[in-house]
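A.B. asks: please work out how this folds:
(one chain, ligands or ions: 2)
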Amino acid sequence: MGTIRACIFDLDGVVVDTAKYHYLAWKRLAQEMGFDFTPEDNEKLKGVSRMDSLSILLNIGGIKISEEEKHQLAEKKNNWYKEYIDTMTPEEVLPGVVNFFEELKLNHIKMALGSASKNAQSILEKTNLSHWFDAIIDGTKTQEAKPNPEVFLLGARELGIEPKHCAVFEDAEAGIQAALNANMYCIGVGSPQVLSKAHQVIPGLFDMNMAKLNV
Ligand code: BG6
Ligand code: MG
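C.D. replies: Numbering: from 1, shown residues only. Ligands and ions are numbered 1, 2, ... in the order given. Sure, this is the predicted structure:
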């Protein structure tokens with residue numbers, strides 16, 4: 001691996017814990033349709049696009065509906081989700097994130113966001129994080145879902161840094177695979193069992209620093 005000149009961060013599960021809000025909104029939808037949606041079920045939706053998440057949910061409930069109805073349900077869930085993220089504050093930024101961002105800035109490392117979420121911009125604004133990023137690639141700018149590398153390659157291109165000089169921080173298996181497909185250095189955030197394909201795994205950004213970036 002060459003020297004790292006840029007870091008690309010997934011949002012949900014790496015920088016902020018929005019999984020709990022996705023969970024509440026999906027659970028509400030499931031309950032409205034007459035079945036339960038558990039925290040274990042929610043694990044299956046990590047890093048998965050909104051429409052794919054809905055398909056998984058409908059499978060759990062054994063529900064078959066038209067494409068049009070699917071879009072209505074996805075919109076309903078997203079409206080509830082937006083109500084939750086509207087209440088977010090900078091206090092919800094995960095431990096160590098801002099410290100590590102400061103260290104990167106001091107070392108002139110470029111920073112990008114690489115998220116599947118179409119709500120990324122409003123989450124960054126609510127948590128006062130937008131100003132850290134030199135490029136923001138989110139679900140409104142991509143055609144392909146992770147594990148396709150599109151989101152990270154677009155980030156590298158917008159930063160003007162070659163993929164081999166980029167490191168990606170990801171909490172989802174599909175995201176790790178996307179980073180590997182982009183030929184980037186990949187740091188898993190979470191459990192080493194789940195993220196075994198990553199080049200290294202850390203429990204959270206509180207456990208990250210420049211020395212660990214250039215191994
Ligand atoms: C990912 C989350 O970052 O974004 C998924 O891990 C989510 O759970 C996906 O489904 C899409 O997010 P949104 O905000 O566009 O529905
Ligand atoms: Mg994530």
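A.B. asks: so which residues of this protein form strands?
C.D. replies: Using DSSP state E, the strands of the chain run over 6-9, 110-114, 135-137, 166-170, 185-189, 200-202.
A.B. asks: wait, which of those strands is closest to Val93?
C.D. replies: Nearest to Val93 among the strands of the chain is strand 6-9; the distance by CB to CB comes to 11.6 Å. Where you see a C-beta, it was placed from the backbone N, CA and C, and this is true even at glycine.
A.B. asks: which helix runs longest in this protein?
C.D. replies: When the chain is parsed with DSSP state H, its longest helix is helix 67-85.
A.B. asks: how far away is Ser49 from Tyr81?
C.D. replies: To Tyr81, Ser49 is 14 Å away according to CB to CB, to the nearest Å.
A.B. asks: touching, Asp52 and Pro147? I think so.
C.D. replies: No: between Asp52 and Pro147 there is no contact under CB atoms under 8 Å: 12.0 Å.
A.B. asks: re earlier: let's have the strands of the chain in TSV, adding distance to Gly96.
C.D. replies: As requested, the strands of the chain are arranged in TSV below (distance: least, CB to CB, whole Å):
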stretch	distance to Gly96
strand 6-9	12
strand 110-114	15
strand 135-137	21
strand 166-170	11
strand 185-189	10
strand 200-202	9
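A.B. asks: quick one: closest of those strands to Lys212.
C.D. replies: strand 200-202 (7.0 Å).
A.B. asks: and that closest one, what does it pack against?
C.D. replies: Under the contact definition 3 or more CB pairs under 8 Å, 6 or more residues apart in numbering; DSSP states H and E, strand 200-202 sits against strand 185-189.
A.B. asks: gap between the strand it packs on and the chain center?
C.D. replies: 12 Å (CA atoms, centre = their mean, to the nearest Å).
A.B. asks: neighbouring strands of it in the sheet, and parallel or not?
C.D. replies: Using DSSP bridges, the strands paired with strand 185-189 are strand 166-170 (parallel), strand 200-202 (parallel).
A.B. asks: between these, which gets nearest to Ser115?
C.D. replies: Taking CB to CB, strand 166-170 is the member of those nearest to Ser115, at 10.3 Å.
A.B. asks: restrict the closest one to CA atoms and write it as CSV.
C.D. replies: Presented in CSV, the C-alpha positions along strand 166-170 are these (Å, rounded to 0.1, in the frame of the first residue of the first chain):
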residue,chain,number,x,y,z
CYS,A,166,-7.1,6.4,-0.3
ALA,A,167,-8.2,4.8,3.0
VAL,A,168,-11.8,3.9,3.5
PHE,A,169,-13.6,3.6,6.9
GLU,A,170,-16.6,1.2,6.8
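A.B. asks: so what touches that strand?
C.D. replies: Here strand 166-170 makes contact (CB atoms under 8 Å, 6 or more residues apart in numbering) with 4-10, 14, 47, 114, 152, 155-156, 159, 175-176, 178-179, 182, 184-189, 195, 198, 205, 208, 213.
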